[in-house]
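>>> sharing a sequence plus its predicted fold:
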Amino acid sequence: MITYSTQFPVSETFAKEVFVKMVIAWNQGSKYDRFDNMKWDGQQYKLMWKENSKTLSINDFENIGVIASRLHKEDEHGVWRTDFILNYKKSYITIRVTLETTEFTTDFYPSYYPPFFVKKIFFEGLGGNDNGINISPEPVLIGKDNLGILNKILTHNFSFQLPIVVVTRTSNDDLPLEIGDLAFRLQGVAHVLEEGERGLFADVKFAADDDKKPGKIYIVFPNKNMRVRTMNLTGEVADKPDLIISRIINEIYGYTNQIMRLDIDTWEGLQTENLHRQNISLLSDKNAIKEENEDLYDVFDEQLKKTEENNKELNKRIQKLTIENQALRMKLASVDKVPALYLGEEADFYPGEIKEIVLEILSKFQRNCLEETRRAHIISDLIENNDFQKLPEKRREHIKTILKGYRTLTGSLKNDLESMGFEITSDGKHYKWTYYGDHRYMTTVSKTCSDGRAGLNIAATIDNLML
């Protein structure tokens with residue numbers, strides 16, 4: 001699970017010497033990750049400190065102008081990996097914090113917050129410029145003198161690296177949230193632009209369906225194929241600025257945490273690059289070896305090339321799986337988003353059960369809705385934005401399949417039912433099948449059946465009562 005991921009330009013003065021000093025200072029200022037007796041001679045750039053369940057490594061890849069550090073530690077939450085990768089040749093930095101859960105993990109809901117190392121970059125004045133927008137933990141005030149920057153952003157006349165949050169003023173000429181707090185929470189992952197005075201953005205077209213109401217918030221993504229996100233501040237969220245900030249943060253981190261990086265911008269990719277350089281070094285002495293070893297070197301060369309290719313493909317696959325996993329985690333962890341409905345006393349029997357049942361009901365109702373009506377639009381919007389996986393239907397079909405031709409409870413059938421949450425107990429000539437141990441959802445099934453349709457009847461009962 002990725003809890004923080006970004007890449008942004010830095011000052012040309014951010015050299016590798018400065019990087020190592022900052023990594024050490026960052027570690028020594030940590031309450032929980034600090035290493036004792038941490039020293040650096042100012043000359044070596046391949047460093048490692050190890051203590052108990054944590055390791056801090058720094059490697060300089062001078063041939064490509066990149067220096068990287070990784071803090072690897074394990075605690076009650078899981079395995080943490082914090083990567084800082086400075087490309088001092090091209091003056092940009094990549095930062096990623098990931099958590100790999102284990103069987104001992106007590107929770108995995110992320111708290112999206114910039115690492116202290118990011119704050120140090122800006123405190124030391126090492127933030128760069130993103131095509132005309134300074135990267136800063138402070139909001140950027142847009143006035144009449146720099147209003148043209150919005151048109152460049154919205155028309156993608158230049159390529160910006162970070163998402164941009166535009167906050168407009170309300171009809172009372174104030175802001176709908178604490179913009180300083182928002183900019184601080186998004187430092188390093190997004191720019192925050194503030195409308196300097198009410199009505200200044202009146203002629204700016206943010207989206208095709210923009211109704212130009214004051215106090216709106218827009219999110220513009222670097223990806224030209226993504227539409228401008230308009231935050232709806234009406235209803236109950238209008239008086240909850242903290243909730244608005246949480247929604248914006250979820251949107252931004254949901255985007256940045258799923259971006260694929262180049263190999264030289266990942267720790268694993270750099271290790272592959274290092275292996276490649278070592279292989280070249282090993283083969284550089286090839287001409288000095290006797291001629292009879294030529295065939296051996298050809299085989300060795302081919303094996304090394306295959307190994308490097310496999311490593312590159314594995315690194316790409318790791319990134320893809322990490323991002324896929326992140327998307328799933330985001331869906332589970334989006335507790336700060338404003339729900340259309342609040343949960344009552346009922347709890348999920350399996351992950352997403354209640355949501356899936358509600359969406360299935362809406363989907364069935366949608367078939368009878370008149371097109372282009374308010375109800376049809378609301379239902380379509382809810383179904384499209386809630387990742388409807390049709391789990392009840394899949395369970396229904398599976399139940400029909402395994403119960404078709406039911407005669408008696410075989411071992412494999414019992415395993416199938418238990419994997420779906422049924423608790424099976426014996427009661428004389430019958431079984432009691434109880435759904436997830438809740439006796440409100442229990443059916444009685446004969447231990448032996450001669451009726452060929454018994455299985456379908458049982459599946460219908462389960463469908464009506466439990467699914």
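Thanks, I have it. Residues are numbered from 1 along each chain as shown.
>>> which residues in the stretch 351-467 of the chain form helices?
Using DSSP state H, counting those that start in this stretch, the helices found in the stretch 351-467 of the chain span residues 353-366, 374-384, 391-403, 411-419, 454-466.
>>> CA atoms only: put the second one into PDB for me.
Taking only C-alpha atoms (Å, rounded to 0.1, in the frame of the first residue of the first chain), the coordinates of helix 374-384 have been written out as PDB:
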ATOM      1  CA  ARG A 374     -33.200  13.100 -12.100                       C
ATOM      2  CA  ARG A 375     -33.600   9.600 -10.600                       C
ATOM      3  CA  ALA A 376     -32.000   7.900 -13.600                       C
ATOM      4  CA  HIS A 377     -29.000  10.400 -13.400                       C
ATOM      5  CA  ILE A 378     -28.500   9.900  -9.700                       C
ATOM      6  CA  ILE A 379     -28.700   6.100  -9.900                       C
ATOM      7  CA  SER A 380     -26.300   6.000 -12.800                       C
ATOM      8  CA  ASP A 381     -23.900   8.300 -11.000                       C
ATOM      9  CA  LEU A 382     -23.900   6.200  -7.900                       C
ATOM     10  CA  ILE A 383     -23.400   2.900  -9.800                       C
ATOM     11  CA  GLU A 384     -20.600   4.400 -12.000                       C
END
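>>> other residues contacting that helix?
With C-beta atoms under 8 Å, 6 or more residues apart in numbering as the test, helix 374-384 has contacts from Ala340, Leu359, Leu362, Ser363, Phe365, Gln366, Cys369, Leu370. Quick note: C-beta positions are derived from backbone N, CA and C, even for glycine.
>>> so which of those residues is the most crowded?
Counting neighbours by other C-beta atoms under 10 Å, Leu359 leads the contacts of helix 374-384 with 21 neighbours.
>>> distance of it from Asp381?
Using C-beta to C-beta, to the nearest Å, Leu359 is found at 12 Å from Asp381.
>>> hang on, the earlier thing: using CSV, lay out the helices of the stretch 351-467 of the chain together with distance to Thr6 and mean pLDDT.
As requested, those are exported to CSV (distance: least, C-beta to C-beta, whole Å; pLDDT from 0 to 100):
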stretch, distance to Thr6, mean pLDDT
helix 353-366, 30, 90
helix 374-384, 28, 86
helix 391-403, 34, 90
helix 411-419, 41, 86
helix 454-466, 45, 91
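>>> using JSON lines, lay out those together with distance to Phe19.
Output for those, formatted as JSON lines (distance: least, C-beta to C-beta, whole Å):
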{"stretch": "helix 353-366", "distance to Phe19": "45"}
{"stretch": "helix 374-384", "distance to Phe19": "44"}
{"stretch": "helix 391-403", "distance to Phe19": "47"}
{"stretch": "helix 411-419", "distance to Phe19": "51"}
{"stretch": "helix 454-466", "distance to Phe19": "58"}
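>>> what's the closest of these to Phe201?
Taking C-beta to C-beta, helix 374-384 is the member of those nearest to Phe201, at 26.0 Å.
>>> that closest one relative to helix 353-366, how many degrees between them?
Going by axes from the mean of the first three to the mean of the last three C-alpha atoms, to 10 degrees, helix 374-384 is angled at 140 degrees with respect to helix 353-366.
>>> span of stretch 192-210 from start to end?
Counting by C-alpha to C-alpha, to the nearest Å, you get 20 Å between the two ends of stretch 192-210.
>>> same thing with stretch 50-68?
One end of stretch 50-68 to the other measures 17 Å (C-alpha to C-alpha).
>>> so which bits of it are buried?
Lys54, Leu56, Ile58, Asn59, Asp60, Phe61, Val66, Ile67, Ala68 (16 or more other C-beta atoms under 10 Å).
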